[in-house]
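1. Fold the following.
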Amino acid sequence: MKGVKIEKLEKFDRDTLERLVEIYMDGYEGLREYGGEGVDYARGYLRWCWVKAKDGFFVAKVGGEIVGFIVCDRDWHSKYEERSVGAVHEFVIDSRFQGKGIGRALMDTCLRYLEESYDRIELWVGEKNEGAKHFYEEYGFRVVGKERIWRRMVLDLKKNEKNDKAKSRNTDGD
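-> Numbering: from 1, shown residues only. Below is the predicted model of the structure:
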């Protein structure tokens with residue numbers, strides 16, 4: 001999509017938080033079992049994301065408006081790996097902007113950011129969130145475990161040709 005800007009979130013003020021909460025709640029519409037327990041939960045969770053992974057909190061903007069975000073963590077100790085790995089804590093696109101390449105631009109940015117530190121990335125996705133699972137599989141993520149309603153997916157960067165393609169993509173929307 002033309003006019004999309006991907007940038008690191010620089011300030012986490014009240015207005016920004018409320019816009020992120022709107023996107024979060026919209027993104028989990030129809031999938032509430034994965035999106036927490038409402039607006040208060042979302043505010044707290046997004047504050048945690050900001051504190052935990054401030055340097056890897058990227059937003060997509062169209063016309064200056066935040067339309068999606070991804071939270072990429074370079075300091076995540078995986079209890080499943082028993083080592084530090086890159087992690088994607090949250091990834092949501094406003095439903096009005098889905099299917100326009102914005103998610104790919106955000107994921108490409110995240111992969112470039114995390115590959116500097118790790119050869120493996122993990123994330124969790126809801127078992128019924130078929131669209132998200134398919135998206136991640138296109139990047140080479142694979143399901144390696146489950147816990148209740150969640151599926152753990154990992155991506156091995158050194159073995160992933162899709163990541164090489166991501167490096168060469170232009171993420172400014174052109």
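2. all strands of this structure, in order?
-> 4-8, 57-62, 65-78, 83-93, 120-126, 142-147, 150-156 (DSSP state E).
3. among the ones you listed, which is nearest residue 114?
-> Smallest distance to residue 114 across the strands of the chain (CB to CB): 3.4 Å, for strand 83-93. Any C-beta I mention is one placed from the backbone N, CA and C, and that applies to glycine too.
4. helices and strands around the closest one, which ones?
-> helix 14-27, helix 39-53, strand 65-78, helix 102-115, strand 120-126 (3 or more CB pairs under 8 Å, 6 or more residues apart in numbering; DSSP states H and E).
5. Pipe those into JSON lines and attach mean pLDDT per row.
-> Converted to JSON lines, the helices and strands packed on strand 83-93 look like this (pLDDT from 0 to 100):
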{"stretch": "helix 14-27", "mean pLDDT": "93"}
{"stretch": "helix 39-53", "mean pLDDT": "93"}
{"stretch": "strand 65-78", "mean pLDDT": "95"}
{"stretch": "helix 102-115", "mean pLDDT": "95"}
{"stretch": "strand 120-126", "mean pLDDT": "94"}
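6. okay if I get the strands of the chain as TSV plus mean neighbour count and distance to residue 21?
-> Converted to TSV, those look like this (neighbours: other CB atoms under 10 Å; distance: least, CB to CB, whole Å):
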stretch	mean neighbour count	distance to residue 21
strand 4-8	16	19
strand 57-62	22	13
strand 65-78	20	11
strand 83-93	21	10
strand 120-126	20	19
strand 142-147	12	25
strand 150-156	19	22
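7. Of these, which is nearest residue 18?
-> Using CB to CB, the strands of the chain put strand 65-78 closest to residue 18, at 10.4 Å.
8. hang on, the earlier thing: could you save the helices and strands packed on strand 83-93 as CSV and add columns showing distance to residue 145?
-> CSV is the format used below for the helices and strands packed on strand 83-93 (distance: least, CB to CB, whole Å):
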stretch, distance to residue 145
helix 14-27, 24
helix 39-53, 22
strand 65-78, 11
helix 102-115, 20
strand 120-126, 9
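9. between these, which gets nearest to residue 144?
-> Nearest to residue 144, of all those, is strand 120-126, at 8.3 Å by CB to CB.
10. quick one on the thing from earlier: of the helices and strands packed on strand 83-93, which approaches residue 154 most closely?
-> Among the helices and strands packed on strand 83-93, the nearest to residue 154 by CB to CB is strand 120-126 (5.0 Å).
11. Understood, closing this out.
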